[in-house]
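Student: Return a 3D structure for these sequence lines:
(chains A, B and C)
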Amino acid sequence: MTLLKVENLTMRFGGLTAVDDLSFTANAGDITAIIGPNGAGKTTVFNCITGFYKPTRGRIGLGALDLAQMSGHTIAANARVARTFQNIRLFPRMTVLENLIVAQHNKLMRASGFTLAGLFGLPGYRQAEKAAVEKAKAWLDRIDLLGRADDEAGNLPYGAQRRLEIARAMCTDPVLLCLDEPAAGLNARESAELNRLLLDIRQRDGVSLLLIEHDMNVVMGISDHIVVLDYGKRIADGTPAEIRADPAVIRAYLGEPEGDAA
Amino acid sequence: MPRANAAALKDAGIAGFVALMLAVPLVGFRTIEGPSGLTLQTRFDWVAYGVIAVFIGRLLLNVWPNTWRLRPQRAQQTSNAQHQTTMKLVALGGVGFAVALPFLPFADRYVVDLAITVLIYIMLGWGLNIVVGLAGLLDLGYVAFYAVGAYSFALGAQYWGLNFWEALPLAGALAAMLGMLLGFPVLRLRGDYLAIVTLGFGEMIRLLIINLQGFTGGPNGVSGIPRPSFFGFPFAREVEDGVMPFHELLGIEYSTQHRFIFLYFIILVLALITNAFTMRIRKLPIGRAWEALREDEIACKALGINPTNTKLTAFAIGAMFGGFAGAFFATRQGFISPESFNFLESAFILAIVVLGGMGSQTGIVIAALLLVVLPEVGREFAEFRMLLFGAAMIAIMVWRPYGLLSRRAPTITLGSGGA
Amino acid sequence: MEYFLQQTINGITLGAVYGLIAIGYTMVYGIVGMINFAHGEIYMIGAFVAVIVFTLLGMMGVTWVPAAVLIVLVTSMLFTAAYGWAVERIAYRPLRGSFRLAPLISAIGMSIFLQNYVQLLQGARVKSIQPVVTGAIPLIETGHFQVAVTYIQILIIVLTVLLMIGFSLLITRTRFGRAQRACEQDQTMAALLGIDVDRTISMTFMIGAILAAVAGVMVTLYYGVVDFFIGFQAGLKAFAAAVLGGIGSLPGAMLGGFLIGLVEAYWSAYFSIEYKDIATFSILILVLIFRPTGLLGRPDVEKV
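Tutor: All right, here's what the predicted structure looks like:
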């Protein structure tokens, strides 16, 4: 079943066309990877899907919603699309636990009666906060950071920050999780752990994943479906095995000396 | 090390030369307004002293860099729990002292009056801290809300006969509404644009007050603002028939001191309410969202937090406390004029927040005490007050960009929180 | 019609002054990404140096006007540049890379410091000098109204245009200009390519100060009065001009300056002089709401 349907997506910055009439789909329950050489427009596609850019043209269908028409925070809040960033964006001076609680903001905001009930310490809000902490604890357990819950997020080692960012995105209860180069900067052991975590998210939480990645071990190891971009256009689309054998992909990666052959 | 010494000498020489360039025109010559236009007086001796001082100072800095140079520092690391216990004790002690203060033997009228001033700035600092410290929005026009609060009471009393207790909620509500009105369009702006727009806004309010002379009294201000009564019992020796003054109510001798002590307790309670509110709201989702916004707005958007609404609440709530403080200021002074609400006032409140360590409630108390009491102690240097104030702002930023107490207490922990 | 023309001339003159100050804001913002809050004070210092040097020249008996104006311009530019350099070195350089509000707060401190420094050294009273450049060219003469452009207005506008041309050449054609633009884009990369970033930033502050000094000299000549507080209002308006034109854009700063000057002149003439500052700030806020990047600024794509 199709979850995300990108149709004729085009994004121009002044004279530069970063994404050019791109169409692809991602199925519910799949791990879909977007790959391509540097500058192929992958992050721009992500920014369009998650509402940071308003596409020049095109439709991004998710269920009955068109994400291209929605802006900023409403995509995370209403369409339930969560994301992580290429250069990790945690709240560095807040604790690990607080990062996960902030992610549950909208739910807690309603529970706190938009602050009023919370100010007077009504039991409904206390319950909700307790549940939020339990959920955070469960995630901390899964990403192996339970012991560091009260440390500042900015003080965590790099790999742990990557995992925490994923857990934080998951705390928003998404249907689609978009990961922008989750394996960047991880060593072999950490990236194997990441693979397990992502598979586990799909299995246990039933969340579909969309990821941009250069690390081919991750891409080939876990994706069900791969979309290859070059110069903002789709040049191939298929299963890992099909992509590996696709001449257009090989040309894009190896045919140009300055291409990124990651 | 002759080479190192030569370099140090050369560097000090350059510094001395720059000092010379700076000093020659403005220090070396003083313009005197004479009967036939300006004349000049020379002060080259001052220039010489200044240049020599800079040269030697720079030389010392170069020779012993580590002992002299101001370096940005971060708070030392002690355990969180330990730190929080200390802070709690300090806070309790502080409140206890504040309650007892008017009854201590040395607390004459002057001391109580000074303490009231300190408390006004503490309250303003705590109010602005919601905006700057928690939500990370640089507001350079906070004084506008203070002015709106003060004028709501002054004009409310003048035109509609409102008393202080009736005007207080009105002052807060008007200030908050104005905060929303301004905030709605401008809160999308980047940090420093916001700073300038709020600064312009503060100036606009002041200019409006000056220009709407028929309504606000213009530059002459409003006088005869009523003093607060003790829930209907006024502080006065002589009263009209049928009204019982405060001293008869308690059956004690009349003293002018009573009114000051009462004012002192009003502002103490107002300030403590501000503090309690902030402490509480920090632990609510909205408060956490403020801090998250300060840390990373883009990440907040990705988590579905509406940045505009979140900032707007911070802005409006901060404004509201400014309005309360303004109403109190009006009743305490009995007279207000636009000159009390200029940019320097905004800068002063901001300096308290920043010096205290943004986000730290205790830090703000220390900073307000320092900035209000020190100039009072060094009265003979009164004319250098603002000069030193400006220099101190720079020095503090260079030395401790994160303020005196920059330790942030987590709003929830697994150890003691909701778990 | 005649009245309108006269106001236009006055507005353009005023706008030229704002534009010259605005360039300093825009350049500094472009290269270090901060509002140099003390820039208005730099302009005020430029004006004070001008008053002092004029008085000195008068006492020494230099009466030939072109020579006097030239000497004043050069000395004011020189000394004010030293202030620009020192401000950056003392209050901003140690904070580079610190958290983002720190330099702005330090700048506010610097602004307060400089204001009081000048007040203490030169006194709080208004300093006035004799008119130096007098005379005007009448343009249109009707029965009761004369439209004229004074020599000083011509001097201000011509000098501003010349400086703008020279300045544009400096930024586009010289080694310093290249370094300056490179540092705006990416300081780390510029440093790796052998550009002395500290020096380039210092130069930027000095050039901004030099242009502000010219504005200060011109205002001294134009109005003949100066006090220690003029930097605050002028700085705020010039900043509004920089934002209006699109911060980071040099032609934008100039355009913004002229627009603000014209608004001020027309508003004073046709509505009320008391509300001219309110009008200026309102325009600033409106522009920021509807076109946050200003008139000539590049659209600002949020970096994610």
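
Student: only C-alpha atoms for contact and neighbour calcs from this point on.
Tutor: Noted.

Student: Look up which residues are beta-bridged to the closest residue to chain C within the stretch 151-262 of chain A.
Tutor: Residue nearest to chain C within the stretch 151-262 of chain A: residue A:180 (10.7 Å; CA to the nearest CA). Here residue A:180 sits in beta bridges with residue A:212, going by DSSP bridges.

Student: isn't it right next to residue A:212, touching?
Tutor: Yes - if you go by CA atoms under 8 Å, residue A:180 and residue A:212 touch, sitting 5.0 Å apart.

Student: Return every residue with contacts to both of those two.
Tutor: Taking CA atoms under 8 Å, 6 or more residues apart in numbering or on different chains as the criterion, residue A:180 and residue A:212 both touch residue A:43.

Student: hmm, back to that, let me see the contact set for the residue of the stretch 151-262 of chain A closest to chain C.
Tutor: A:43, A:46, A:83, A:84, A:85, A:86, A:211, A:212, A:213.

Student: where are the low-confidence patches of chain A?
Tutor: A:114-118, A:121, A:254-262 (pLDDT under 70).

Student: Show me the shaky parts of chain B.
Tutor: Applying pLDDT under 70 to chain B flags residues B:1-3, B:65-80, B:191, B:378-379, B:415-419.

Student: The residue nearest the centre of it: helix or strand, and which one exactly?
Tutor: Computing the C-alpha centroid of chain B and ranking residues by CA atoms, centre = their mean puts residue B:349 first, at 1.9 Å. Element membership for residue B:349, per DSSP states H and E: helix B:343-356.

Student: In the stretch 101-250 of chain C, which residue sits nearest chain A?
Tutor: Closest point on the stretch 101-250 of chain C to chain A, by CA to the nearest CA, is residue C:101, at 15.8 Å.

Student: how far away is residue B:15 from residue B:399?
Tutor: Separation of residue B:15 from residue B:399 (CA to CA, to the nearest Å): 20 Å.

Student: ok, now which ones touch residue 73?
Tutor: Going with chain A. A:51, B:300, B:301, B:302, B:303, B:304, B:305, B:306, B:307.

Student: wait, I meant chain C there
Tutor: Going by CA under 8 Å, 6+ apart, residue C:73 touches C:50, C:213, C:214, C:217.

Student: likewise residue C:288?
Tutor: Counting by CA under 8 Å, 6+ apart, residue C:288 touches B:186, B:189, C:243, C:244, C:294.

Student: Which one (most neighbours) among the residues you listed?
Tutor: residue C:243 (32 neighbours; other CA atoms under 10 Å in any protein chain shown).

Student: residues contacting it?
Tutor: Counting by CA under 8 Å, 6+ apart, residue C:243 has contacts C:253, C:256, C:284, C:288, C:293, C:294.

Student: cool, and residue C:21?
Tutor: Going by CA under 8 Å, 6+ apart, residue C:21 touches C:39, C:40, C:43, C:208, C:211, C:212, C:215, C:235, C:238.

Student: From these, which land in helices?
Tutor: Taking DSSP state H as the definition of helices, those contribute C:39, C:40, C:43, C:208, C:211, C:212, C:215, C:235, C:238.
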